[in-house]
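Enquirer: structure here, sequence nowhere to be found:
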């Protein structure tokens, strides 16, 4: 829920979540986001549910929440091929030391944003 609220409060922010494997992380994200939206229905109004590229996706292969203010919350895999992607914030769940090293390299060049969305 913290990452969803972060996406709402900071327009244009890019937030990630990762776990041991991408499918595992997708499953956790789908389960938790569905649970949170049921508990707090107002959060559902902040998410773009359109079909296609501009809308959110919640499948076992692809998880990406796109918010009306331009923020994105998605799931990334922890592997060498995902290096170079940039995010501002993230949630790390059950990763090994080697995977953590790659994750650090993945986010270390992100810039910081202030509450009004300016860099």
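Expert: The structure has been received and is ready for your questions. Here the structure is a predicted model, which is why all the values come from computation and not from measurement. Residues are numbered from 1 along each chain as shown.
Enquirer: tell me which stretches of the chain form strands.
Expert: 14-18, 57-58, 63-66, 72-75, 89-92 (DSSP state E).
Enquirer: which other residues reach the second one?
Expert: Translated: strand 57-58. 29-30, 33-34, 63-65 (CB atoms under 8 Å, 6 or more residues apart in numbering). (Glycine included, C-beta is placed from N, CA and C.)
Enquirer: ok, back up a step: turn the strands of the chain into CSV, including distance to residue 5, mean neighbour count and mean pLDDT.
Expert: Shown next, in CSV, are the strands of the chain (distance: least, CB to CB, whole Å; neighbours: other CB atoms under 10 Å; pLDDT from 0 to 100):
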stretch, distance to residue 5, mean neighbour count, mean pLDDT
strand 14-18, 10, 23, 84
strand 57-58, 18, 16, 87
strand 63-66, 12, 21, 90
strand 72-75, 10, 22, 87
strand 89-92, 11, 18, 69
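Enquirer: which one of these lies nearest to residue 43?
Expert: Among those, strand 63-66 comes nearest to residue 43, with 9.9 Å by CB to CB.
Enquirer: pLDDT at residue 53, what is it?
Expert: pLDDT, residue 53: 79.
Enquirer: now for it: which residues touch it?
Expert: Per CB under 8 Å, 6+ apart, neighbours of residue 53: none.
Enquirer: quick one: it from residue 76, how far?
Expert: According to CB to CB, to the nearest Å, residue 53 stands 18 Å off from residue 76.
Enquirer: how about residue 9?
Expert: For residue 9, the distance to residue 76 equals 21 Å [CB to CB].
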